[in-house]
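S.K.: Give me a 3D structure for the following:
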Amino acid sequence: MISRVLRLYHTLKYLKQKQFTYRFYYLIRTKIRKLTRHQYPSLTPKISKTIKLEEHQDFNIYNTYKNNAFTFIGITHSFKEHQINWNYSKHGKLWNYNLTYFDFLQQKDMSQESGMKLIQNFINYPQTIRGKKMPFPISLRNINFIKFLSRKNINDEQINSFLLSQYFILMDNLEYHILGNHLLENGFSLLFGAYYFEDEKLYKKASEILVEELSEQILKDGAHFELSPMYHQIMLFRVLDCINLVKNNLWKSQTLLSFLIEKAQLMLGWLENITYNNGDIPLFNDSAKGIAPTSEELFKYAKILKLKTAKIPLNESGYRKKENENYECIIDVGNVGPDYIPGHAHSDTFNFELRVNNIPIIVDTGLSTYETSQERTKERSTSSHNTVEINGKNQSDVWGGFRVGRRAKIIELNENDDTVFATHNGYQKQGFLHSREWKFYNKKIKLIDIIKGNKAHNCIAYLHFHPNIIVEINKGLIITPFLQISCLNIDNLSISRYNFCNNFNHKTTSCVVKINFKKIMIMEIILNETTIFNR
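M.R.: Okay, the predicted model is just below:
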C-alpha cells in the first residue's frame, strides 16, 4: 500500500497546476452535467468557405478503407455493408479511435461518393459514439472532414452543422488536463475550423494554443519535447498542413504564418539530423513504422511549401548521432521528458542503435501496443533496451501504460566530437550510479559501463539485434556477419530471444545478448573488414 502511494506521489508531483485544475474542473462538471442531463445544442451551420490547399499526394495512408474493410495499426476488420459499428472495440481502444479519426478520407482512391457515405453514416449513426464527444478524435476527424470536403469542393449543410457542433464541443473540452501533443492537436484542428467557417473565436483560441504550445514543445534543437521520433513526424506534418492552410487562404493577416514557418524549419532540421541515410527513424520511446508520414514524405511536402531547413546540432533532445562512411550510431543521453507528460517515454537511458552500411544491426525493440498490459510494460522496460539493468529493476518506474513514477536524470554529461560520457541517477535509491562512455572510431565503437556503489548487485547489459542478423557466441566473442563484439570484466555471456516490434501488432522473434558484470564492463564493437570493403 505504501509503495503504491509513493509511486503515485512520484508520478503526480511533476504535473502542472493547470493539469490538476482542469482534471478537477472536468470531473466535477461531468458529475453535475449527468445530474442535469446536459446536452450540447444543435447549431445552425455557418456558411463555410472551401479552403485551398497545395496538393501533396505522395503520402502513404496507413489507415485504409476498402469495401467496408478498415485497416488500422496492422489489423484489418470487415463490416457488413451499411452496418459499420463505430464503437467497435474488440481490437482495442486505439483501433477504435483510428476508426473515428477518418484518416482514410485522404486515400488517393477515396471517391466523393464513398467518402460522403462514410461521413453521413457516422453522423447519422443511431447509437452514441464515444468518439463524437472526445476532444482528441474530434480534432483529427474535423481536419480530415475539412480537407476532404475542400478537395472535392463539397458544401453540405448537414455536415457543416455537424462540424460546427463538434467544434463547439471541442472548445468546451480542450485538453488542458493532458497538454502535450493532445492540446497541440486541438489547436491545429481549431485553426482549420477557423478558416473553414471564417470564425474569429476559433481563430483566436487556435492562435493562442499554437503559439504558446509550439514555443514550449519545440526544443531549441528542433525536437518535439515528447522525444518520440514518430510523434515528431506527426507534429511536423500538422505544422506543415497549417502552413499550407494559412499560406493559401488570405482570410487573416500572415502573422501566424511566419511563426509556423520558423517552427517547421527547426523541426525539419532535427528530423534530418535524426533520420538514417535510408530514411528510417530510430524507434526510441513510443515509435513504430506505419503510423506517421515518413521523413522523405515530409521533406517533399516542405519542398512543395518552399520551406528551408534550419539544421542545428542535436542537443536539448538528449539524442546524439555519430556517423562516418562505415556506420551510423544514435544514442540517448537525455532525460525522460517532458516531466509533466511522459506517457510516451520508456525506461531507456543510455539506449543506442547501430547501423552498418545502412543495415540495422543493434536496434531498439520497438512498440507493438498501447493497451495497458504486461506486454506494454515489458516494451517500455529497461531490459527491452540496449542499456544496463541493475538487480532486475527499471531505471525509471514505467507503469500503467502511460505513467512514469521515479525517473532517471542525467547528472553528468561531457562530450566532444569522438566521445560521449554521461551519468544517470535512476538507480540512486538502490545505492548506485550508472555511467556510460561511448568512444567512436572509424571502424570501431568502444563502450565503457561503470557502476558506482558498495551494495551487492547484478548488472546486465542488453544488446538487441535485428531479426535479419545471425548472432552467435564463440570463445567469449559476440559474432555477426557484420561485426564482432568483445567484452572485458564480465561474468557471463548468453543469447536468448525477444520480440522485435517494427510495427503495431507485428512481432518477429530475434536475438538479444545478455552481458552479466559487476562494476566495470568494457565493450568493443569492431566492424568486419569484409563488410567495410564490400560496401
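S.K.: how about the strands in the stretch 351-500 of the chain?
M.R.: Remark: strands assigned in the stretch 351-500 of the chain by DSSP state E, counting those that start in this stretch are 352-356, 359-362, 388-390, 398-399, 403-404, 410-415, 419-424, 433-440, 444-452, 459-464, 472-474, 477-479, 483-503.
S.K.: Ok, the stretch 1-150 of the chain next?
M.R.: Under the criterion DSSP E, counting those that start in this stretch, the stretch 1-150 of the chain contains strands at 64-66, 69-72, 75-78.
S.K.: Now mean neighbour count, mean pLDDT and distance to Asn277 too, for the strands of the stretch 351-500 of the chain, in TSV please.
M.R.: Every C-beta, even on glycine, is put in place using the N, C-alpha and C of the backbone. As requested, the strands of the stretch 351-500 of the chain are exported to TSV (neighbours: other C-beta atoms under 10 Å; pLDDT from 0 to 100; distance: least, C-beta to C-beta, whole Å):
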stretch	mean neighbour count	mean pLDDT	distance to Asn277
strand 352-356	25	98	8
strand 359-362	22	98	11
strand 388-390	23	98	29
strand 398-399	22	94	31
strand 403-404	22	94	32
strand 410-415	13	98	22
strand 419-424	20	98	21
strand 433-440	20	98	17
strand 444-452	18	97	17
strand 459-464	21	98	21
strand 472-474	11	96	28
strand 477-479	17	97	25
strand 483-503	16	96	18
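S.K.: I'd like to know which of the ones you listed is closest to Leu202.
M.R.: Nearest to Leu202 among these is strand 403-404; the distance by C-beta to C-beta comes to 33.1 Å.
S.K.: and the residue of the chain most remote from its centre, what does it touch?
M.R.: Centroid-distance maximum for the chain: Lys475 at 40.5 Å, with C-alpha atoms, centre = their mean. Lys475 makes no contacts at all, as judged by C-beta atoms under 8 Å, 6 or more residues apart in numbering.
S.K.: Ok, Phe284 next?
M.R.: When the contact criterion is C-beta under 8 Å, 6+ apart, the partners of Phe284 are 227-229, 319, 330, 332, 346, 348, 351, 353, 364.
S.K.: now swap in Trp95 and tell me
M.R.: Residues counted as contacts of Trp95 (C-beta under 8 Å, 6+ apart) are 72-73, 75, 77, 88-89.
S.K.: between those, which is nearest Pro135?
M.R.: Pro135 has its nearest neighbour among those in Ser89, at 18.9 Å by C-beta to C-beta.
S.K.: What separation do you get for that closest one and Phe192?
M.R.: 28 Å (C-beta to C-beta, to the nearest Å).
S.K.: So for those two, which sits in the more crowded spot?
M.R.: Remark: of Ser89 and Phe192, Phe192 carries more neighbours, 27 against 13, as counted by other C-beta atoms under 10 Å.
S.K.: Next secondary structure element downstream of the helix or strand that contains that one?
M.R.: For Phe192, the host element (DSSP states H and E) is helix 180-197. Tracing the chain past helix 180-197, the next element assigned as helix or strand by DSSP H and E is helix 200-217.
S.K.: which helices and strands does that next one pack with?
M.R.: If contacts are counted by 3 or more C-beta pairs under 8 Å, 6 or more residues apart in numbering; DSSP states H and E, helix 200-217 sits against helix 157-172, helix 180-197, helix 229-248, helix 255-274.
S.K.: and the angle from the last one to helix 229-248?
M.R.: Relative orientation of helix 255-274 and helix 229-248, computed by axes from the mean of the first three to the mean of the last three C-alpha atoms, to 10 degrees: 150 degrees.
S.K.: tell me which residues of helix 255-274 are tucked away?
M.R.: The neighbour-count check on helix 255-274 (16 or more other C-beta atoms under 10 Å) flags 256, 259-261, 263-271, 273-274 as buried.
S.K.: Please apply the same query to the shortest one.
M.R.: When burial is assessed from 16+ other C-beta under 10 Å, helix 157-172 yields the following buried residues: 159-167, 170.
S.K.: can I get the strands of the stretch 351-500 of the chain in a markdown table with distance to Ile138?
M.R.: Formatted as a markdown table, these follow (distance: least, C-beta to C-beta, whole Å):
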| stretch | distance to Ile138 |
| --- | --- |
| strand 352-356 | 36 |
| strand 359-362 | 38 |
| strand 388-390 | 41 |
| strand 398-399 | 29 |
| strand 403-404 | 25 |
| strand 410-415 | 38 |
| strand 419-424 | 39 |
| strand 433-440 | 44 |
| strand 444-452 | 47 |
| strand 459-464 | 38 |
| strand 472-474 | 53 |
| strand 477-479 | 50 |
| strand 483-503 | 27 |
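S.K.: closest one to Ile51 among those strands?
M.R.: Set against Ile51 and scored by C-beta to C-beta, those come closest in strand 483-503, at 32.9 Å.
S.K.: quick one: the closest one to chain centroid distance?
M.R.: In terms of C-alpha atoms, centre = their mean, to the nearest Å, the centre of strand 483-503 is set 26 Å apart from its chain centre.
S.K.: Perfect, I'm done here.
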